[in-house]
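In: Please work out how this folds:
(2 chains)
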Amino acid sequence: MTDSKSNVTPALAAEMGLSAEEFARVEAILERTPNLTELGVFSAMWSEHCSYKSSKIWLKTLPTEGPRVICGPGENAGVVDIGDGDAVVFKIESHNHPSFIEPYQGAATGVGGILRDVFTMGARPIAILNSLRFGDPGHPKTRHLLGGVVAGIGGYGNCVGVPTVGGECQFHPSYNGNILVNAMCVGIAEADRIFYSAASGAGNPVIYVGAKTGRDGIHGATMASAEFDDSAPETLGEKRPTVQVGDPFTEKLLIEACLELMAGDAIVAIQDMGAAGLTSSAVEMAGKGGLGVELDLDKVPMRETGMIPYEIMLSESQERMLMVLRPGSEAEARRVFEKWELDFAVIGRVTDTGRMILKMHGEIAADIPVGPLVTAAPLYHRPTQPRAKPADIDPASLPARDSLDCLKRLIACPDLASKRWIWQQYDHLVMGNTVKRPGGDAAVVRVNDAGKALALKTDCTPRYCRADPEGGGMQAVAESWRNLCAVGATPLALTDNMNFGNPEKPEIMAEFAGACAGMRAACLALDYPVVSGNVSLYNETNGRAILPTPVIGGVGLIADAAKAVDLALKRDGNALILIGETKGHLGASLYLREIEGREDGAPPPVDLAAERRHGEFVRAEIEAGRIAACHDLSDGGLLVAVAEMATAGGKGIALTNLPTGNAELFGEDQARYLIETATPDAVLAAAKNEGIYAQRIGTIAGDALTLPGGDAISVRELTAANEAWLPAYMAGG
Amino acid sequence: MKAAVVIFPGSNRERDVCAALKRASGKAPAIVWHRDSDMPQADLIVLPGGFAYGDYLRCGAMAAHSPIMREVKARAAKGVPVLGICNGFQVLTEAGMLPGALLSNKTLSFICRDVYLRVENSQTVFTCGYETGQAIRVPVAHGEGNYTADPATLDRLEGDGLVAFRYCNAAGELTDADNVNGSARSIAGVFNETRTVLGLMPHPENSTDPLLGCTDGQGLFDGLVSALQ
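Out: As a prediction, the model looks like this:
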């Protein structure tokens, strides 16, 4: 595929991921057969990754508005007002397919891409989070993939100087052939100085800045929209050229240069070159502006010689931006980019023709009407076939087991084991604003001198989503909301990363539709809108799909960071109070999977009204200064949460008022929190006053976790069990 | 005290150290771009942390040849104190202003965590805010902080009181487990012969804000202000 004049046939179109029907539509739009460059542009823009053709009808049902929302989905990132003239700008994005093929570069460029989405809008990035899912730890590739992904995230984030403050990491065999690497970036901008991508002003110059264009990542967007057929190394080796290579140093310069130029009024529109590179950035800018664009590809800074228009347009070389400038601003912009030693080239202009015209070597390399390219993109309402809902689990049917033995096994299992080995490789302190570090319910990052702060967290419980997509989608949103409340934040809005299998299979499409329905209900009930997001489909290998994984990246606001709390137990004599009712729901629980080796059962029901009441109560108590520590209850249930608070604080606790059954101790009933307080009477009275279930379950004391019956385990032993697994696993093999 | 902070392309902890300097002195430091050849009058020059030039050659190697470094050396020769933190320490060793070199951590991975440092010599402008032997808690965040030098140089550094800080435990004891990156003789920071140039891998500037939980690094900046005021 080295000649622009190669014969374009339906077979070639199919190779690039366009169906026969889609190819016919391209021919109808152009009223002729496309050339290779034009075919490349259509196939990239109409790929699942760029067009959202299978997911759009469901994504449209999600609530995206709220009193604080400045910009919802559709731009590079979502924008939410946080008062004082500030706005938070954030988005999450997947780099799943590339990270499986080449974990270091795949993960690194995932971080680079999401950073660009945020600073493109005029925001300085202030935090990065990562939601990671790997296959069975026993699978031969898992250790290599985990090591590479963590090194790649650290290698990029550490160098650009944006702290990586949080995330999650889970394991399940369904990810053996399709790991998930979702990166979230959060930035701060002036609310009235947000930059958008819609071009305006026919005749305005189109500017290329950043790194040079090479042959890396060509057709990455199409690759990211296909299944892997086999994990044979030679197959993956062939795909490696579709993975981009990251250069965090250039990204750092690009951040500083763009923000410096954005302080003036030179920029009319700006768009980063992410998936589908120059193609999607040029098309989006022209399309959103209802205009045309003419590019002279000879002027594109190139790293390699002999590149043809097809390669230039489809390259996914990193650290590049496209801008439309106000006329006469070129000199100012050139000065800024040359100061930062970045390439700067005027490569074209905005037109009023409504067409994208690409020229090279004096010839027209492509001529496409922008409108139909964008609006006539295929949209599918794919068939759905939900699976039968699983039955509830009767705890009485499970064998009796020693509770502390189960606790020790659970906190040492891969999903709950400490992820210190990971986050210690990330610079989580640079910028000097990390108020609550990784390892807690949500990270807290200060955003101004007055102490205003944001709480940040990613969440999803894929096993719930598999058992009941709607309930799982609802739970993911509710848990995200709960984690923000648990540090004292008011949840503002979320970004979602929808990771699913092949949407052409009705049961997968039903998972997607169900998750959206559940998320919608939770977003509405909790006033927690979706402001940005990303979809990753076709996460299948040899026909086996991942667990449905709609990751929720939540952002909350704290007026005074000094009032934020964490989960570490603080002081002997303080009381531990449980908020929310315990029913002992074990279906789809971690206990069932790790202790009984079963993954069946219905997930815990989500009572959104209770979630809201309990979250608001806990937040008010934190604001009132009555809470010394707080932790939400999730994977592993009550006793695991108690153990996590004890190990975080290095303090023991005497539990005096607890149910004794393992269903109650390890069940994953929702809408629950544990709070440490020095004034239990006041907290219990306030709860009673509001009709909220609250119960004192113990007292902070000593250096062991003691059950009501007298059985005890030392905090030192719990900590050792919790900390040992991951370093030992990574040192093995 | 008026400080000047040098920015190289790829510096990324300049804000952190500027905030710490301002907290201690009440004055915002001057920012100096690496391609500048002159520098405003300053009582202290700071080379901040980061990844100057991406650290793509050797850490600090490219930055050591930036135009501004000629002026930094000239000022240092006149006795103006120079503080290099993390990447700044790497630049100072590459520029020949401090002995030794920084290798990859013994774990071969980046490490970001709190460590304890023992103050080895409090009789300098940088450490006069501490007692000799005092253990302070500050974070590290680096991939190449494993200090090395030939044995004769290490002996000289120790004999002449030019070791500034060593990695230790909370009680100030030196152990292998607390030597976070495998540095020779647990060395975390060293002075030049006149004790007016200090390079250290840890980040005292990230341990100066009460809201972030620990202020043990404040002593370094307070000490500088009292010595240079």
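
In: Can you name the residues of chain B sitting close to chain A?
Out: Taking CB under 8 Å from any CB of the partner chain as the measure of proximity, chain B contacts chain A at B:9-10, B:12-13, B:15-16, B:19-20, B:49-51, B:53-56, B:109-113, B:139, B:141, B:143, B:203, B:205-206, B:209, B:211-212. All C-beta atoms are positioned from the backbone trio N, CA, C, and that covers glycine.

In: Just the CA trace of stretch B:52-70, in CSV.
Out: Taking C-alpha atoms only, stretch B:52-70 is exported to CSV below (Å, rounded to 0.1, in the frame of the first residue of the first chain):
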residue,chain,number,x,y,z
ALA,B,52,15.5,18.4,31.4
TYR,B,53,15.6,17.5,27.7
GLY,B,54,13.6,14.4,28.6
ASP,B,55,16.7,12.9,30.2
TYR,B,56,17.1,11.1,26.8
LEU,B,57,20.9,11.2,26.8
ARG,B,58,22.0,10.9,30.5
CYS,B,59,20.1,12.6,33.2
GLY,B,60,21.2,16.2,33.3
ALA,B,61,23.8,15.8,30.5
MET,B,62,22.2,18.1,28.0
ALA,B,63,21.1,20.7,30.5
ALA,B,64,24.7,20.9,31.9
HIS,B,65,25.6,22.5,28.5
SER,B,66,22.8,25.0,28.4
PRO,B,67,23.9,28.7,27.9
ILE,B,68,22.7,29.6,31.4
MET,B,69,25.1,27.1,33.1
ARG,B,70,28.1,29.3,32.3
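
In: can you give me the offset of that stretch from its chain's centre?
Out: Averaging C-alpha coordinates over stretch B:52-70 and over its chain gives two centres that are 16 Å apart (CA atoms, centre = their mean, to the nearest Å).

In: what does stretch A:399-412 give?
Out: With CA atoms, centre = their mean, you get 32 Å for stretch A:399-412.

In: Convert the C-alpha atoms of it to PDB, please.
Out: As requested, the backbone C-alpha atoms of stretch A:399-412 are provided in PDB (Å, rounded to 0.1, in the frame of the first residue of the first chain):
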ATOM      1  CA  PRO A 399     -20.200 -24.000  54.000                       C
ATOM      2  CA  ALA A 400     -19.300 -22.400  57.400                       C
ATOM      3  CA  ARG A 401     -15.800 -21.000  57.400                       C
ATOM      4  CA  ASP A 402     -13.500 -19.200  59.900                       C
ATOM      5  CA  SER A 403     -14.100 -15.500  59.400                       C
ATOM      6  CA  LEU A 404     -10.600 -14.200  60.100                       C
ATOM      7  CA  ASP A 405      -9.100 -16.900  57.900                       C
ATOM      8  CA  CYS A 406     -11.400 -15.700  55.100                       C
ATOM      9  CA  LEU A 407     -10.400 -12.100  55.800                       C
ATOM     10  CA  LYS A 408      -6.700 -12.800  55.500                       C
ATOM     11  CA  ARG A 409      -7.300 -14.600  52.200                       C
ATOM     12  CA  LEU A 410      -9.400 -11.800  50.900                       C
ATOM     13  CA  ILE A 411      -7.100  -8.900  51.600                       C
ATOM     14  CA  ALA A 412      -4.300 -10.900  50.000                       C
END
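
In: buried residues in it?
Out: Along stretch A:399-412, the positions that meet the burial threshold by neighbour count (16 or more other CB atoms under 10 Å in any protein chain shown) are A:Ser403, A:Leu404, A:Cys406, A:Leu407, A:Lys408, A:Leu410, A:Ile411, A:Ala412.
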